[in-house]
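Asks: Task: produce atomic coordinates for the following.
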Amino acid sequence: MSEVEHHMMLPQFSLALTASGTTTLAEERGDMRTFRQLRYFWLPWVTTIVLGCFSQAFAQTSYKVTDLGVLHDDWNLSCAMSINNQGWTITMNGFMDPITNFAPALPVSARATINIGEFKIDLGTLGGPNSHTWMNWGGINDRGDAVGMSETSVPDPDGEDICGFGTNLTCSPFLWQNGHMNALPTVGGNNGQASDINNRGQVVGFAENGAVDSSCSAGTTNNRIQQPVLWENGKAQALPTVGGDPDGFAIAINDQGQAVGDSGNCAGAIHAVLWENDKAWPLSDLGGGAIAQGINDQGQIVGRVFSGKTFLAALWQNGVLINLKTLPGDFAALATGINNRGQIVGSTLDRGFNWSHAFIYQDGVMTDLNKLFPADSTNLFATMADKINERGQIAGMGTVRSGPDKGDIHAFVATPVNESIGVSVADVERTLPKSNSPANAGKQLLPRSVLGRFEK
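Replies: Residues are numbered from 1 along each chain as shown. A predicted model of the protein is given here:
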């Protein structure tokens, strides 16, 4: 089934477009009834379409790449954080200062959107200027429910800046459902972030409990304990950590209700963790700690393991850690998505911890996605692959190679096709195209990296 045939199966609905070709939440509200109908129409077809597309979802030869662009013409950054089995993405859009290497290198302004083909639905905010789904924070399920984090209009009473925009506004986890963004509760503190949602409606992330984190050094801005959290039926449940760790972050959840993430302290992650039946199980590592970032319905887990001064992509299956390492010439790697066929996607980084290449790992081999992108069909050099769905579609981001937007970062969806590659992007672009993002963007956007805890 082609992507065009797939979209033709969906009922058409009217979307009011802005001058930039996007839709806003306010403009969408009049069409939410139709949007809900589209959601429920999809559910009976999920299994049929997924099974029908398996033939092109494994060991494919190339991809058709769709550039998702940016929300506003004057913005220079977008990244598809997650993708459901319909091919809809939850995408981070923003403007990043291309001149000042501010730290942390988060956008000056940002909005989370749902991308349905060419349409962009701005999810809005909870009262503040920004909402976002940054670096593996944010998910979307097959019903179109989405999660992430948003600033509110209320200054944080403790002066924290969890959302990272320098506004010191409280940062709330959100659930976007039926056209409305609603705040999810914390576990006693002011801030939190939602990172993933499964098809049962279970949400995971972290939330503060209000207590000062004694493991933080003096002068740390974000210094409250952050607990891993499961939200279900509107209620927040704090999950246990490992070995007395004060902090934790549940990053991903599968449809069986198994969650993965990490636990540690103010300095960063110490243990990769699997949560099952309200218990925390530490995952093996190489002696330097690890972070789990994705899990499929078979219980296969992907993430990264720390090794010396770097970290490497990892797979845990049947209780065994498999070090996937990194691509030749790169210094670090992290695996962030795995589907039920065992296809793994992720990203590699250079020695400066800047995004370098998006990869797919299958049949025991890690491959640069740019080698599978035909050069004459895309203007993007893929630097990050975040998630992969059951159709084999990949969500991520890449650097624009040429034209008026050269150097900007755009979100993409890559759909597998049984076609020859010909000349690939990797053949044309021997080195990573220069980006307009700050030089330190890669290292600053990595949550809980070797450089320190991203929230603190």
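Asks: can you give me the helices in the stretch 101-250 of the chain?
Replies: For the stretch 101-250 of the chain, no helices are identified by DSSP state H, counting those that start in this stretch.
Asks: Using PDB, list the CA coordinates for stretch 321-338.
Replies: The C-alpha trace of stretch 321-338 is given here as PDB (Å, rounded to 0.1, in the frame of the first residue of the first chain):
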ATOM      1  CA  LEU A 321      22.700  -6.200  27.000                       C
ATOM      2  CA  ILE A 322      23.900  -5.900  23.400                       C
ATOM      3  CA  ASN A 323      26.200  -3.000  22.700                       C
ATOM      4  CA  LEU A 324      25.200  -1.600  19.200                       C
ATOM      5  CA  LYS A 325      28.200   0.800  19.400                       C
ATOM      6  CA  THR A 326      28.100   3.700  16.800                       C
ATOM      7  CA  LEU A 327      28.700   4.400  13.100                       C
ATOM      8  CA  PRO A 328      32.300   4.500  11.800                       C
ATOM      9  CA  GLY A 329      33.800   8.000  12.400                       C
ATOM     10  CA  ASP A 330      31.300   9.000  15.000                       C
ATOM     11  CA  PHE A 331      32.000   9.200  18.800                       C
ATOM     12  CA  ALA A 332      28.700   8.400  20.500                       C
ATOM     13  CA  ALA A 333      25.200   7.000  19.700                       C
ATOM     14  CA  LEU A 334      21.800   6.500  21.300                       C
ATOM     15  CA  ALA A 335      19.000   4.200  20.300                       C
ATOM     16  CA  THR A 336      15.600   5.800  20.900                       C
ATOM     17  CA  GLY A 337      12.900   3.700  19.000                       C
ATOM     18  CA  ILE A 338      12.100   0.100  18.300                       C
END
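Asks: List the buried residues of that stretch.
Replies: Judged by neighbour count using 16 or more other CB atoms under 10 Å, the buried positions of stretch 321-338 are 321-322, 324-327, 330-338. No exception for glycine: its C-beta is placed from N, CA and C like everyone else's.
Asks: cool, and stretch 78-86?
Replies: For stretch 78-86, using 16+ other CB under 10 Å, the buried residues are Ser78, Cys79, Ala80, Met81, Ser82, Ile83, Asn84, Asn85, Gln86.
Asks: wait, which of these is closest to Pro416?
Replies: Proximity to Pro416 was ranked across the buried residues of stretch 78-86 by CB to CB; first place goes to Ile83, at 12.9 Å.
Asks: doesn't Val400 make contact with Leu77?
Replies: No. Counting by CB atoms under 8 Å, Val400 is not a contact partner of Leu77; they are 10.8 Å apart.
Asks: In contact with the nearest residue to Lys235 once chain neighbours are set aside, which residues?
Replies: Spatial nearest neighbour of Lys235, excluding adjacent residues (CB to CB, 6 or more residues apart in numbering): Pro185 at 7.2 Å. Counting by CB atoms under 8 Å, 6 or more residues apart in numbering, Pro185 touches Ala207, Trp231, Gly234, Lys235, Ala236.
Asks: circling back: in helices, which of the buried residues of stretch 321-338 fall?
Replies: Under the assignment DSSP state H, the buried residues of stretch 321-338 contribute nothing to helices.
Asks: tell me the two of the residues you listed that are most distant?
Replies: Phe331 and Ile338 (22.8 Å).
Asks: neighbours around the closest residue to Thr113 other than its chain neighbours, how many?
Replies: Among residues not flanking Thr113 along the chain, Lys120 sits closest, at 4.6 Å (CB to CB, 6+ apart). Neighbourhood size, Lys120 [other CB atoms under 10 Å]: 29.
Asks: Which residue ranges of the stretch 51-200 of the chain form strands?
Replies: In the stretch 51-200 of the chain, the strands defined using DSSP state E, counting those that start in this stretch lie at 62-69, 77-83, 89-95, 109-116, 119-122, 127-132, 139-140, 146-155, 169-177, 180-183, 192-197.
Asks: and the ones you listed, which one's lowest on average pLDDT?
Replies: The stretch with the lowest mean pLDDT among the strands of the stretch 51-200 of the chain is strand 127-132, at a mean of 86.
Asks: residues in contact with it?
Replies: Strand 127-132 has contacts (CB under 8 Å, 6+ apart) with 92, 94, 107, 109-112, 123-125, 138, 148-154, 163, 165, 167, 169, 174, 181.
Asks: Among those residues, name the buried ones.
Replies: Neighbour counting with 16+ other CB under 10 Å marks 92, 94, 107, 110-112, 123-125, 138, 148-152, 163, 165, 169, 174, 181 as buried within those.
Asks: Please save the CA atoms from stretch 424-440 in PDB.
Replies: Coordinates of each C-alpha in stretch 424-440 appear next as PDB, following Å, rounded to 0.1, in the frame of the first residue of the first chain:
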ATOM      1  CA  SER A 424      22.100   8.500  -2.100                       C
ATOM      2  CA  VAL A 425      22.300  11.600   0.100                       C
ATOM      3  CA  ALA A 426      25.400  10.100   1.700                       C
ATOM      4  CA  ASP A 427      27.000   9.900  -1.800                       C
ATOM      5  CA  VAL A 428      26.400  13.600  -2.400                       C
ATOM      6  CA  GLU A 429      27.000  14.900   1.100                       C
ATOM      7  CA  ARG A 430      30.300  13.500   2.200                       C
ATOM      8  CA  THR A 431      30.300  15.600   5.300                       C
ATOM      9  CA  LEU A 432      27.500  16.900   7.500                       C
ATOM     10  CA  PRO A 433      26.100  20.200   6.000                       C
ATOM     11  CA  LYS A 434      26.600  23.200   8.200                       C
ATOM     12  CA  SER A 435      23.700  23.900  10.400                       C
ATOM     13  CA  ASN A 436      22.200  27.200  11.600                       C
ATOM     14  CA  SER A 437      21.800  25.900  15.100                       C
ATOM     15  CA  PRO A 438      24.300  26.700  17.800                       C
ATOM     16  CA  ALA A 439      27.500  24.700  17.800                       C
ATOM     17  CA  ASN A 440      26.700  23.300  21.300                       C
END
